[in-house]
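1. missing the sequence, but the structure's below:
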């Protein structure tokens, strides 16, 4: 480490401890430049830094020390010498728990890597072959649109339910509460099976005047196909969960926002649409992203009603070829690919609705990646 | 000030206003007029009903009894066949357009920039063309000294800056009457001045306003009339030099004695 070092106190990634020993005498108010000593592996370099005009620099002389630093330091400021302290011990001894855990994790990772590379049942060639197979891809597409359909029902239904629960009408509020009670209180798998077998409960579905004449009538079995049963099962269950998310989001917006909007002549409706809901979105979006990811994986439940989505497509193949493990790996890989894409998408949507939230503009994805790399280089 | 003669039709007429929250009677018969261009300061101990009075004027709280006329129009009600009929929500909203309100806690819309905060209501409520509104909003932000902060979000502004944006937001509706509900109470002492200066400038320009405040110096310098309220009634009302300097009621004297500190601070405040 040779050459002069420019200290920029405003740079968040610059941690003096990572560079070496730095003794800044903050007590003396003199304008004399403080001395910074940088301990490299072999060389020791002096870099002059301007004396801090304010007392904001946070250099901790005793903690800022790497193993191998001289116990007796070059005199800086009023400090003449000091005894070796706890900070002078090697990091290994200072943080035994962390280093032990690190060792355990590394061994486990090595074992996992070895298993993945050498296992005879994995058959990476088979995985590669089925990963891009037409039947599997068709299953993936079904999984995707089932997720989209169910989430659409969930978000729209959830918003309606949330507004009903927040309504002043006791009947609406109670109806929404009962809905949520039922759909959250029974297992999703049971609900899916129920919708699949709905024809046994309601054999015919008719449109007409309630308790009066019928206009159109049809067999339930013809109307509620496997796909409809799966969509209803997943979507209606999701609506119950989404309603709680939407309700919490709306309630988290300060009532004074509505008050200010009202004072400006906005009607309740307009104030909700223009002022409250956009701000509620900031609280609604992150959990909705989680729900979408959860829904993507949840669609695998409909394999029980033989809807050939991703999991069932995979099952169909391994029932024939007995390559169970490689095909389950194919399914896992596709789920991972899609959830990763969804996570990145969620990040950008969150950033859009989080505008105005913090004092600074939130750093973009690329900015954070660059900052992380820079930190890694430093440490 | 360019006010009309005092015998002219008042901008605001409040007649025997009552407000009850459950068992507590917060306002117990308040009546007064405010004329065009007049600056009225309302002072009084906390819990005396000052804020409730302001919130009743624009029907954020519905009065229990009494009538309020803004520029000759009755707030919240209409006479139909000799009886009072409550207005529909949309009609009431249109009445509120004429009354600007500035809150103690600013209440800027957090998801909108300063400029967007100002243009939101004129565009969405008054349906004015965006280009015109933006021009007006920019001028208003410039008037409160924040043209350079037009594209900042409220979280990026200081309390004083937020309150000045809130004033611009209320002015953008071109109200006939401005209500200020303790506009500086949530601010750090050194920032209070910048907000009071903006309000004072508005007063000099002839804006009709009611200011609920604890800044006695401001009240003395800027207002034409001061009302002292206690326990839901107007105890004393008159020119600031009478009410604040030579109060005729014991309760006024006691209240002023308790908050002598602001009077001394006021000297520095009113030098603009």
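-> In hand now; what should we look at? Since this is a predicted model, take the numbers as computed values, not measurements.
2. Now name the helix or strand holding residue B:69.
-> Element membership for residue B:69 (DSSP states H and E) is strand B:65-70.
3. what does that strand rub up against?
-> With contact meaning CB atoms under 8 Å, 6 or more residues apart in numbering or on different chains, strand B:65-70 is reached by B:10-18, B:27, B:29-31, B:56-57, B:74-77, B:95, B:98-99, B:176-177. Backbone N, C-alpha and C define where each C-beta goes, glycine included.
4. what do you get if the cut-off is 6 Å, keeping everything else the same?
-> B:12, B:13, B:14, B:15, B:16, B:17, B:18, B:57, B:75, B:98 (CB atoms under 6 Å, 6 or more residues apart in numbering or on different chains).
5. Check which element follows that strand along the chain.
-> Using DSSP H and E, the helix or strand that follows strand B:65-70 towards the C-terminus is strand B:73-74.
6. that older thread, buried ones in the strand holding residue B:69, by neighbour count?
-> Of the residues in strand B:65-70, those buried under the neighbour-count criterion (16 or more other CB atoms under 10 Å in any protein chain shown) are B:66, B:67, B:68, B:69, B:70.
7. Disregarding residues adjacent in the polypeptide, which is nearest to residue B:95?
-> Excluding the flanking residues, the one nearest residue B:95 by CB to CB, 6 or more residues apart in numbering or on different chains is residue B:75, at 5.8 Å.
8. Out of the contacts of strand B:65-70, which end up buried?
-> Neighbour counting by 16+ other CB under 10 Å classes B:12, B:13, B:14, B:17, B:18, B:57, B:75, B:98 among those as buried.
9. Which ones among the residues you listed lie within strands?
-> The strands, defined by DSSP state E, take in B:12, B:13, B:14, B:17, B:18 from those.
10. quick one, what contacts the residue nearest to residue B:95?
-> Residues in contact with residue B:75, defined by CB under 6 Å, 6+ apart, are B:59, B:68, B:95.
11. Dump the residues you listed to JSON lines, plus pLDDT.
-> As requested, those are exported to JSON lines (pLDDT from 0 to 100):
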{"residue": "B:59", "pLDDT": "93"}
{"residue": "B:68", "pLDDT": "94"}
{"residue": "B:95", "pLDDT": "93"}
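12. how about low-confidence regions in the chain?
-> No chain was given, so I picked chain A. Under the criterion pLDDT under 70, the flagged ranges of chain A are A:1-92, A:355-379.
13. Let me rephrase: I mean chain B.
-> Confidence mapping of chain B against pLDDT under 70 gives the ranges B:1-7, B:260-272.
14. which helix of it spans the most residues?
-> helix B:189-204 (DSSP state H).
15. What are the contacting residues of it?
-> Helix B:189-204 is contacted by residues B:39, B:144, B:159-160, B:163-164, B:167, B:183-184, B:218, B:222, B:269, B:272 when judged by CB under 6 Å, 6+ apart.
16. try stretch A:186-202
-> With contacts defined as CB under 6 Å, 6+ apart, stretch A:186-202 is touched by A:220, A:221, A:224, A:229, A:232, A:233, A:237, A:301, A:302, A:305.
17. Likewise for stretch B:48-63?
-> Contacts of stretch B:48-63 with the rest of the structure, by CB under 6 Å, 6+ apart, involve A:263, B:17, B:19, B:26-27, B:42, B:44, B:68, B:75-76, B:92, B:96, B:99, B:101, B:179, B:181, B:212, B:229-230, B:232.
18. which of those are buried?
-> With burial judged by 16+ other CB under 10 Å, the buried subset of the contacts of stretch B:48-63 is A:263, B:17, B:19, B:26-27, B:42, B:44, B:68, B:75-76, B:92, B:96, B:99, B:101, B:179, B:181, B:212, B:229-230, B:232.
19. which residue packs closest to residue B:25, ignoring adjacent ones?
-> Setting aside the residues directly before and after it, residue B:25 is nearest to residue B:232 in space (CB to CB, 6+ apart), at 6.1 Å.
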